[in-house]
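S.K.: one predicted model, sequence on top.
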Amino acid sequence: VQLQESGPGLVNSSQTLSLTCTVSGDSITISSWYWNWLRQPPGKGLQWMGAIAYTGGAYYDPDLKSRTTISRDTSKNQFTLHLSSVTPEGTAVYYCARSFGLRRSSERSDYNWGQGTQVTVSS
């Protein structure tokens, strides 16, 4: 499987950040794979943000839940992250990743990874 993130590299504070992950080599509807978003701020560890299941159900980190939506387009084999009301603390490398089952984990070995995309939130 290959995953590729796309989206703007620069977002203004208070705006909504939207990133899309395009998946090839596997369908996002196949049981029991989950399609995740994680991020790594500079100098900090990985943070799991949320996931969308092969069923279409979505799961979120409780601390981000009020600002996060993950959706999918099965016709394009893509899933998308929307993070609203971003602040400069949202500056990070954002990754999409596949896991078998819902992991809610920040362990690299739990996932197949995209290459990541840098997003900077300007103040």
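M.R.: On my side now, so go ahead.

S.K.: buried set for stretch 75-85?
M.R.: 77-81, 83 (16 or more other CB atoms under 10 Å). In short, each C-beta sits where N, CA and C put it, glycine included.

S.K.: so how far is it off the chain centroid?
M.R.: 8 Å (CA atoms, centre = their mean, to the nearest Å).

S.K.: circling back: looking at the buried residues of stretch 75-85, which are in strands?
M.R.: Here DSSP state E is the test, and those give 78-81, 83 as lying in strands.

S.K.: would you turn those residues into TSV with pLDDT?
M.R.: Shown next, in TSV, are those (pLDDT from 0 to 100):
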residue	pLDDT
Q78	98
F79	98
T80	98
L81	98
L83	98
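
S.K.: tabulate the residues you listed (JSON lines), appending distance to G43.
M.R.: Converted to JSON lines, those look like this (distance: CB to CB, whole Å):
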{"residue": "Q78", "distance to G43": "31"}
{"residue": "F79", "distance to G43": "28"}
{"residue": "T80", "distance to G43": "27"}
{"residue": "L81", "distance to G43": "22"}
{"residue": "L83", "distance to G43": "20"}
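
S.K.: and the end-to-end length of stretch 80-97?
M.R.: Using CA to CA, to the nearest Å, one end of stretch 80-97 lies 12 Å from the other.

S.K.: and stretch 56-73, end to end?
M.R.: Using CA to CA, the end-to-end distance of stretch 56-73 comes to 10 Å.

S.K.: typed the wrong thing, it's stretch 26-42
M.R.: Start-to-end, stretch 26-42 (CA to CA) is 31 Å.

S.K.: in that stretch, what counts as buried?
M.R.: Buried residues in stretch 26-42 (16+ other CB under 10 Å): 28, 33-39.

S.K.: out of those, which are inside strands?
M.R.: 33-39.

S.K.: now the strand or helix carrying R72 against strand 33-40, angle please.
M.R.: Secondary structure assigned from DSSP states H and E places R72 in strand 68-73. Angle of strand 68-73 versus strand 33-40, following axes from the mean of the first three to the mean of the last three CA atoms, to 10 degrees, is 140 degrees.

S.K.: from S123, how far off is the residue nearest the centre of the chain?
M.R.: With the centre of the chain defined as its mean C-alpha position, the nearest residue by CA atoms, centre = their mean is W37, 2.1 Å away. Here the criterion is CB to CB, to the nearest Å. By it, W37 lies 23 Å from S123.
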